[in-house]
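Asks: Return atomic coordinates for the entry below.
(2 chains)
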Amino acid sequence: DQQVKQNSPSLSVQEGRISILNCDYTNSMFDYFLWYKKYPAEGPTFLISISSIKDKNEDGRFTVFLNKSAKHLSLHIVPSQPGDSAVYFCAAVYSGTYKYIFGTGTRLKVLA
Amino acid sequence: NAGVMQNPRHLVRRRGQEARLRCSPVKGHSHVYWYRQLPEEGLKFMVYLQKENIIDESGMPKERFSAEFPKEGPSILRIQQVVRGDSAAYFCASSPGTGMSEAFFGQGTRLTVV
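Replies: Residues are numbered from 1 along each chain as shown, chains lettered A, B, ... in the order given. Take a look at the predicted model:
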């Protein structure tokens, strides 16, 4: 049972344009969401997070949007840069637990 | 990766041997998680430990796999009698608390069973 889904395995975007990565979840108890970036042969690196009491969180070029009614979150990267090329994982967790549930990842390729 | 150290980075074992993967969490973090990433798949939770305690091992295969996080020293993930299907990247993460906090990951150990 895949509780966190990233339905797009890959995405290509031109440098300077916006990258939008999507994530859907099924468990309404999740109340904290995170995005991680992963380069080949490295561990995931924390990027940005959002609590369920918010619908938007921004950090520089990265913005995460949360739509609780749709059980959907998205990561916007603008402007996209070649160094953003990586696999992006969304993860979800709920209060009082510790089990981060990860999606299967989306491979982003930013074309110069 | 915020100081989580895993070693070795690469480990090759023959079928039937034992594999020991080590993880030193960020200084001051007392919560350790192990995740496994199989080829073309996402990160799958294996086990969550606090110092000297296994809190949740629901993601661990019932046989051959064990984990510990002793009072002193790194966390160890141990796989006995490895099989080809154990080949994967194993990631350790640590956090200062439970739930609503970011977990920081190590660079992983890539286990290859030949």
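
Asks: residue ranges with poor pLDDT in chain A?
Replies: For chain A, applying pLDDT under 70 flags the ranges A:1.

Asks: Run through the strands of it in chain order.
Replies: For chain A, the strands defined by DSSP state E occupy A:4-5, A:10-14, A:19-25, A:32-38, A:45-51, A:56-59, A:62-67, A:72-77, A:86-93, A:101-102, A:106-111.

Asks: how about the residues of chain A that lie near chain B?
Replies: A:6, A:31-32, A:34, A:36, A:41-46, A:49, A:51, A:89, A:91, A:93-105 (C-beta under 8 Å from any C-beta of the partner chain). From N, CA and C alone the C-beta is placed, and that goes for glycine too.

Asks: Apply 7 Å and report the result again.
Replies: By C-beta under 7 Å from any C-beta of the partner chain, the residues of chain A that approach chain B are A:32, A:34, A:42-46, A:49, A:89, A:93, A:95-100, A:102-105.

Asks: May I have the distance across stretch B:88-104, first residue to last?
Replies: Stretch B:88-104 has an end-to-end distance of 19 Å (criterion: C-alpha to C-alpha, to the nearest Å).

Asks: One more: stretch A:16-34?
Replies: First residue to last in stretch A:16-34 (C-alpha to C-alpha) measures 24 Å.

Asks: same question, stretch A:102-112
Replies: End-to-end for stretch A:102-112, by C-alpha to C-alpha: 29 Å.

Asks: ok, and does the helix or strand where B:Ala89 lies reach over to chain A?
Replies: Per DSSP states H and E, B:Ala89 falls inside strand B:88-95. Yes. Against chain A, strand B:88-95 shows contacts by C-beta under 7 Å from any C-beta at B:Phe91.

Asks: Pull up the pairing partners for that strand, direction included.
Replies: Strands adjacent to strand B:88-95 in the sheet, as given by DSSP bridges, are strand B:31-37 (antiparallel), strand B:104-105 (antiparallel), strand B:109-113 (antiparallel).

Asks: Report the inter-axis angle for that strand versus strand A:45-51.
Replies: 50 degrees (axes from the mean of the first three to the mean of the last three C-alpha atoms, to 10 degrees).
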